[in-house]
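> Sequence plus the predicted model coming up.
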Amino acid sequence: MSVRLKIVTIAVLPLLFVLRLPTGALAHGERAQEPSLRLSTIQWYDTKWSTDHVAVNGELTVTGRFHIMENWPLEIASPAGLTFLNVGVPGPVFIRTATSINGVNGVSSMSLALGQDYEYRIVLKGRVPGRYHVHPMLDVRDTGPILGPGKWVSIAGDPAAFRDPIVTLTGQHLDLSRYGLGAIVGWHVVWIAIALLWLGYWLRKPLLMPRYEAVVAGEGDRLITRTDRIAAAVILAITLIVAVGETAYTSMVFPVTVPLQSNQTMVPGLDLPPAHITVRAEQVRYLVPGRTVQFRLRVTNQGSKPIRFGEFTTANLRFLNNAVVAPELDYPPELIAPAGLVVEPDEPIAPGETEEVYVEATSTVWETDRLTALMSDPTNRIGGLFMFYTPDHERSLVEFSSAIVPAFTQQARSSG
Ligand SMILES: [Cu+2]
């Protein structure tokens, strides 16, 4: 290979690589968040979308639960400070007509407790036609948005037909989708006109170079004339009169207003029965060539019924033990790992017993969702929820959190 060819190859190869990357981009950035944020903070589960096709003005309800990790990473601000339940969608394509967390109205910000579970309900109304990825989302102060699982939902119909009718506290019937639009446009026009007047006054005079020359010649003081001063005073007077006048006019027309609220609500956690199961990590490895997380666990069943592994969920990914649970038919398939959850031995753990169990969660998503970028994080931790089931299908959730070590070669399973 000639030197020139080598240089060309070195220059072009990375470019080809970069150009090739965006082919897999389907969603809107949820994969860009740091793995520690997605693996070890909020575990979303039981997420349901009431439909994936709504009309303009039609309703979509997103419901589900989330568990806030007790073992919340020290370096990440937690929802015990301040948080707000929202939806992750590209822009105001829906309006949110109601939210609740554990039955508490979600209109204001909340403080949530670590280690607790919360049940939420978000009611949306279709506004702008299109196809959107709809996620439940918690905005956590000083951390940012933490997205739940996303599902593609289409809105169909005529955007002009969108209505948002309300009745105010004084009994007026309004349509918020258009209310006040005339006043907004009108006042913008007034201010733009004042700005253009001011700009126009100066632009008609000789500009940069002649003025620069005058300053250099020591005649800078003569650049601003008496007329300029009068014009400036007039514009200042107009600005003040319009600003004060519009405020006075608006408060006269709308005597009763309520300012935007900034409440903070404390929401108690769900009252779930205790799990009576302990899961201790003996060793957790990420096998790089197999795209597999391998757990060596010591599970103790302190309950009164035998239990089996049903699911491991983390970062909105679900690994199901197909022998125990089946996925819901309308759940986004890309969020369920096809290889499922391998459990060895996959036998019920009897009450009072402690078993050594080997569990394997394989998915290409560890790589494609960049979750393994955690290997280059200063904190190599994996978190998630293990779900256990009794023979009569009672579910227990156990939070899991452990250090994880990358491995580049398969090791014999007995040599733990
Ligand atoms: Cu998305």
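On my side now, so go ahead.
> use CA for all of it now, contacts and neighbours both
Fine.
> which residue ranges form the helices in the stretch 201-350 of the chain?
Counting by DSSP state H, counting those that start in this stretch, the stretch 201-350 of the chain has helices at residues 208-216, 226-253.
> For the first one, which residues meet the burial criterion?
Going by neighbour count (16 or more other C-alpha atoms under 10 Å), the buried part of helix 208-216 is residue 211.
> quick one on the thing from earlier: nearest to the ion among the helices of the stretch 201-350 of the chain would be which one?
When the helices of the stretch 201-350 of the chain are compared by C-alpha to the ion, helix 226-253 sits nearest the ion, at 40.7 Å.
> buried set for that closest one?
Those would be 235, 242, for helix 226-253 by 16+ other C-alpha under 10 Å.
> do the same with stretch 256-269
265, 267, 268, 269.
> Ok, stretch 117-136 next?
Along stretch 117-136, these residues count as buried under the neighbour rule (16+ other C-alpha under 10 Å): 117-129, 132-136.
> still on that earlier bit, dump the helices of the stretch 201-350 of the chain to CSV, plus distance to residue 361 and mean pLDDT.
Formatted as CSV, the helices of the stretch 201-350 of the chain follow (distance: least, C-alpha to C-alpha, whole Å; pLDDT from 0 to 100):
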stretch, distance to residue 361, mean pLDDT
helix 208-216, 68, 89
helix 226-253, 61, 94
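> If it's not too much trouble, I'd like those helices exported to TSV so that distance to the ion sit alongside each entry.
Converted to TSV, those look like this (distance: least, C-alpha to the ion, whole Å):
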stretch	distance to the ion
helix 208-216	50
helix 226-253	41
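> Just put the ones you listed in TSV and tack on distance to residue 367.
Shown next, in TSV, are those (distance: least, C-alpha to C-alpha, whole Å):
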stretch	distance to residue 367
helix 208-216	57
helix 226-253	56
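> Surely residue 289 touches residue 409?
Yes. Counting by C-alpha atoms under 8 Å, residue 289 does reach residue 409; the two are 7.4 Å apart.
> Could you point out which residue ranges in this protein have low pLDDT?
1-29, 374-375, 411-416 (pLDDT under 70).
> One more pass at 50, please.
Scanning the chain for pLDDT under 50 picks out 1, 13-25, 414-416.
> who touches the nearest residue to residue 331 once chain neighbours are set aside in this structure?
Closest residue in space to residue 331, ignoring its immediate chain neighbours: residue 48 at 7.6 Å, by C-alpha to C-alpha, 6 or more residues apart in numbering. By C-alpha atoms under 8 Å, 6 or more residues apart in numbering, residue 48 lies in contact with 62, 63, 64, 331.
> Would you agree the third one falls within a strand?
It refers to residue 64. Yes. Checked against DSSP: H, G, I helix; E, B strand; the rest coil, residue 64 lies within a strand.
> Grab the nearest non-local neighbour of it.
residue 47 (4.1 Å).
> That neighbour - that's part of a helix, no?
No. Under the criterion used here (three-state DSSP), residue 47 is strand, not part of a helix.
> how much space between it and residue 121?
As for residue 47, its distance to residue 121 is 10 Å (criterion: C-alpha to C-alpha, to the nearest Å).
> can you check residue 165 too?
For residue 165 relative to residue 121 (C-alpha to C-alpha), the value is 21 Å.
> Over to residue 240?
47 Å.
> How about residue 105?
10 Å.
> so what sits against both of these two?
With C-alpha under 8 Å, 6+ apart as the test, residue 105 and residue 121 both reach 98, 99.
> was I right about the residue nearest to residue 64 contacting residue 65?
Yes. Applying C-alpha under 8 Å, one finds residue 47 in contact with residue 65, separated by 6.7 Å.
> Please identify which of those two sits among more neighbours.
residue 47 (22 against 19; other C-alpha atoms under 10 Å).
> mind checking how far stretch 336-356 is from the chain centre?
Relative to its chain's centre, stretch 336-356 lies at 32 Å (C-alpha atoms, centre = their mean, to the nearest Å).
> Between the two ends of it, how far is it?
With C-alpha to C-alpha as the measure, stretch 336-356 spans 26 Å from end to end.
> same deal with stretch 123-143?
25 Å.
> any chance you could map the strands in the stretch 201-350 of the chain?
Using DSSP state E, counting those that start in this stretch, the strands of the stretch 201-350 of the chain run over 264-266, 277-287, 292-301, 308-314, 317-320, 341-344.
> related to what we said a few turns ago, overlap in contacts, residue 47 and residue 121.
By C-alpha under 8 Å, 6+ apart, the residues touching both residue 47 and residue 121 are 62, 63, 64.
> what pairs with the first one across the strands?
Put plainly, it is residue 62. Residues in a beta bridge with residue 62, per DSSP bridges, are residue 49, residue 122.
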